[in-house]
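*Asks:* Return a 3D structure for these sequence lines:
(2 chains)
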Amino acid sequence: MAEEPTVDVARLMEEIKERVRQRKASGFYSEEEIRRITRMELEVQEVLPGYRDELDFHLTTLNDIWDPREPEPITSHRRVVGPVLVALKRVVQRLGRPFIGLALARQARVNSHLVQLLNSFAPQIRDHLRELAHRLEQAQERMTIGYTEQQQRQQELFAQVEALRAEVARFASHLEDLAASRRLGELPPRPQVPQGRGEVDAAQYLAFEDLHRGVRAEIKERQRAYLAEFTDGPILDLGCGRGEFLELCREAGLGARGIDANPLMVEACRALGLDAEGADGLSYLQTLPDASLGGAFCSHLIEHLEPQALIALIQLAHAKLRADGVFVAETPNPVCLTVFSGAFYLDPTHQKPIHPQLARFLLEAAGFKEVTVKFVNPYPPEMRLQSLEPAWWMRRIELDYLDALNANFARLNDLLWGCQDYAIIGRKP
Amino acid sequence: MTIAFVVPRYGDGIVGGAETLSRGLAEHLAARGTPVEVLTTCARDHHTWRNAFPEGREVVNEVPVHRFPVRMRNERLFGRIQQRIDRGDPLPIEDQLAWVEESVSSPSLYAHLLRHREAYELVCFAPYLFGTTFWGSQLVPERAVLIPCLHDEPYARLPVIRTMFESCHGFIFNSPPEAELARRLYAIGDRPCGVVGYGFDPPPAPRPERFHRRHKLDGPFLLYVGRKEKGKNVPLLIEYFLAYRERFRPDLTLCLVGEGPIQAPRGSERAIRDLGYLGPEEKLDAYAAATVVCQPSVNESFSIIIMEAWLAGTPVLVHAGCPVTTYHLSRSGGGLAFEDYFEFAEALGLLLDDATLNGKLAAQGRAYVLEEYSWPAVMARFEGARERLRG
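*Replies:* Residues are numbered from 1 along each chain as shown, chains lettered A, B, ... in the order given. Predicted coordinates for the structure are as follows:
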């Protein structure tokens, strides 16, 4: 299921603030309404602990006690004489009040004017100060944002400079490498193979192939499946070896010729009445006229070639095929790992394994269409890891373990004991 | 070794952030096989602090609870000093101590702590305001862990409270902003501490339609859950709501759930429904039925309410002046915040009108709670804090 996009609350809050600004600017809220709401907020917040406005608190207190002539309440904590003392004090207070009132009248007037002055100015000054503080805060906020942006920009520039510096260093090192490669000529030369050494004897190689490639009848049976790919001759079997495929073509009534560099292989084919010639495959292909072949086949040849020779072979095969001609090449399958502990490194003339994806790419790059990869020659089932059977007495958890184990076996089987070879097949459009 | 929790009240039916938090932690520790013990008083009611539970030991949900009687209080003296603190008057040290002593105190609990101090690996005190925490932590400072549930208020700035904070071994906070506030107010430096918070289990499926039916609520409504008092900014919410309703949405209702002295203004009975205390099941239905849950308080150390709202699938609207709720909001994206009435009106309008946005914000909030405040996540943080506190 696709994940829902998240809502950015910070951005939403900015939009809300902007909308408030717009509404206020457009006159949506009347002056009176804004005043009423501000008053309401002050009234409500004043009573919150921790949010008391000290000025209002002192102003209210001053408004309560400004008149010094107001008598203080008279109380006493004594139990018996208390009420008597209170009554006496009240009498004295009452008798003295006119005189005290006279003496304090001027002070009362001073207090009254002072409190009135405070009443009219203090809240205004408070509000003004608040407004100023608010503006200061806003200005500070803007400055902080500006500063942060500047810093960000500066950091970006630094990063760009660093990247450029790294690029220059890379170029410098590349130049040094180039200079060094010029000097490679000065390095000691590759070891020279002495004349007459380093070649496997053709007879020995034939014997080796007989021993390891497999019995002729078996190989012929395996290659029978490729016949269906070819509808028309002539077919060229490059690296025809002991002539298994040539024989299959003859049986199917398709004209075919085999090419092999090993003269003993050619002899063996000819002994069977097959059309075979001793030559290097690439050189032979070049001699053929373009669009003269109905099909090209090579079994276990391409892994013997250097990369450039391989590319040349495929390009030449494409050139020499007629429209709708087919190219088929069988080679060891490097995706199956036991190929490397067995067949592949057994043969000293193998160059490097060809990955099926690479083979596909090379064919397509040469212009072949309908390119397919067929995995063939699977290991016999008895060589694969055997899955375990559940037993009636097993508990749920044991069955789960068994399933997991069998699943792991299956994965290992695919990786280690899958198909030993694959064939790459392409058609010239 | 045992972990002790010292709380002024403990048991079924006791409401309060610190009490709920301590109980949750104690029960989850016990369920994991950690030896744990609760030391508390016999009081049930936090107004009267009268001894209501029997003294002695009992086991509540696998947690051993040891109750001690509350010392007789001088409520008048307490009330008088409290008024002076609220007013911001300077207070002599003996009055501050008297105020702490008269809040709630239990000398037999202190004697027990002193006698058995060696048996405890850590002693966790919650919340910071009461005598049990103040005196208890002073008696075993070397293993005292304060779970303060702190927010900025005049009491937090009393010199005696500062002394208490600065003598405790370590702290467990509910949120990073709470820890920042503590560092700002007190010189606690690099004492070991952890930010743990409260845990939640995914609630059962709520039945909002049952709530609508029972309370005959047809239209959209805004919900407040918690104590209805000035300290929680409830008067501001009521004023804002009434102004908004008059101007924009005459069909909108405000439901208040919880107890407290604040009453809806006369004449607003149709607009404001005071539902009082609701049981957990009905409260869950209320959260799910509400269009928006509003938390106007600026004095929070964690805010269980916004977490419960998100779990029930409802977005929240919080006051931008509260560092804790805005912290949760910025990390979860589970609602909106307002600085003043105008932002309140815009944000509420958005949440009422845009059902898709409403649902997305709620889902973001819910995902946040399930990720950050599931019990396994909370207990993992507690164990991390415990390691640090053990040093």
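*Asks:* okay, residue 228: pLDDT?
*Replies:* Here I'm looking at chain A. In this model, A:A228 is scored at 86, pLDDT.
*Asks:* oops, chain B please
*Replies:* Confidence for B:K228, expressed as pLDDT, is 88.
*Asks:* Name the SS class of it, please.
*Replies:* State at B:K228, reduced to three classes by DSSP: H, G, I helix; E, B strand; the rest coil: coil.
*Asks:* How much space separates it from B:G13?
*Replies:* Distance, B:K228 to B:G13, by CB to CB, to the nearest Å: 19 Å. For every residue, glycine as well, the C-beta is placed using N, CA and C.
*Asks:* Quick check, the residue in the stretch 301-429 of chain A closest to chain B?
*Replies:* A:I397 (23.9 Å; CB to the nearest CB).
*Asks:* residues near that residue, how many?
*Replies:* The number of residues packed near A:I397 is 8, by other CB atoms under 10 Å in any protein chain shown.
*Asks:* What does the pLDDT read for it?
*Replies:* 81.
*Asks:* so it sits in a helix?
*Replies:* Yes. Assessed by three-state DSSP, A:I397 belongs to a helix.
*Asks:* List the contacts of it.
*Replies:* Contacts of A:I397 were listed using CB atoms under 8 Å, 6 or more residues apart in numbering or on different chains, and none were found.
*Asks:* what about B:K228 and B:G13, which has more around it?
*Replies:* More neighbours surround B:K228 than the other of B:K228 and B:G13, with 21 against 6 (other CB under 10 Å).
*Asks:* what's the single longest helix in chain B?
*Replies:* With secondary structure taken from DSSP state H, chain B has its longest helix at helix B:355-372.
*Asks:* now the residue of the stretch 301-429 of chain A closest to chain B: how far from A:L388?
*Replies:* Counting by CB to CB, the gap from A:I397 to A:L388 is 15 Å.
*Asks:* Next, A:D67: secondary structure please.
*Replies:* coil.
*Asks:* What's the local residue count around the spatially closest residue to it that is not a sequence neighbour?
*Replies:* Sequence neighbours aside, A:A108 is the residue nearest to A:D67 in space, at 5.2 Å (criterion: CB to CB, 6 or more residues apart in numbering or on different chains). A:A108 has 15 neighbours, counted by other CB under 10 Å.
*Asks:* State the helix or strand in which A:A108 lies.
*Replies:* Using DSSP states H and E, A:A108 maps to helix A:82-182.
*Asks:* Now do the contacts for A:E247.
*Replies:* A:K220, A:L272, A:L274.
*Asks:* From those residues, list just the buried residues.
*Replies:* A:K220, A:L274 (16 or more other CB atoms under 10 Å in any protein chain shown).
*Asks:* tell me which of the contacts of A:E247 is nearest to chain B?
*Replies:* A:K220 (65.9 Å).
*Asks:* Quick check, that closest one in contact with A:L246.
*Replies:* No. Using CB atoms under 8 Å, A:K220 makes no contact with A:L246, being 9.9 Å away.
*Asks:* Just give me the neighbour total for B:S167.
*Replies:* 14.
*Asks:* How about it: what's its closest non-neighbour residue?
*Replies:* B:P141 is the one closest to B:S167 (CB to CB, 6+ apart), at 4.9 Å.
*Asks:* Quick one, grab the pLDDT at that neighbour.
*Replies:* The model's pLDDT for B:P141 equals 94.
*Asks:* Quick check, it in contact with B:F165.
*Replies:* No. The pair B:P141 / B:F165 is not scored as a contact, 11.1 Å apart, by CB under 8 Å.
*Asks:* higher neighbour count, these two?
*Replies:* Neighbours were counted for B:P141 and for B:F165 using other CB under 10 Å; B:F165 has more, 21 against 14.
*Asks:* Report the secondary structure state of that one.
*Replies:* helix.
*Asks:* what's the pLDDT at the closest residue to chain A within the stretch 1-150 of chain B?
*Replies:* For the stretch 1-150 of chain B, the residue closest to chain A is B:D86, as judged by CB to the nearest CB, at 5.7 Å. Per-residue pLDDT puts B:D86 at 82.
*Asks:* isn't there a helix covering it?
*Replies:* Yes. Under three-state DSSP, B:D86 sits within a helix.
*Asks:* So it sits against B:L158, correct?
*Replies:* No. Counting by CB under 8 Å, B:L158 is not a contact partner of B:D86; they are 11.8 Å apart.
*Asks:* what about these two, which has more around it?
*Replies:* Higher neighbour count among B:D86 and B:L158: B:L158, with 19 against 16, using other CB under 10 Å.
*Asks:* which residues does the more buried one contact?
*Replies:* B:I85, B:L91, B:Q96.
*Asks:* try 10 Å this time
*Replies:* B:I85, B:L91, B:I93, B:D95, B:Q96, B:L97, B:W99, B:V100, B:L129, B:M164 (CB atoms under 10 Å, 6 or more residues apart in numbering or on different chains).
*Asks:* Taking the stretch 101-250 of chain B, what residue is nearest to chain A?
*Replies:* Closest point on the stretch 101-250 of chain B to chain A, by CB to the nearest CB, is B:L236, at 4.5 Å.
*Asks:* Quick check: what element follows the helix or strand encompassing that residue along the chain?
*Replies:* For B:L236, the host element (DSSP H and E) is helix B:234-247. Using DSSP H and E, the helix or strand that follows helix B:234-247 in sequence is strand B:253-257.
*Asks:* So which elements touch that following strand?
*Replies:* strand B:221-225, helix B:234-247, strand B:272-276, helix B:280-289, strand B:292-295 (3 or more CB pairs under 10 Å, 6 or more residues apart in numbering or on different chains; DSSP states H and E).
*Asks:* how about the last one: buried residues?
*Replies:* Neighbour-count burial for strand B:292-295 flags B:V292, B:V293, B:C294, B:Q295 (criterion: 16+ other CB under 10 Å).
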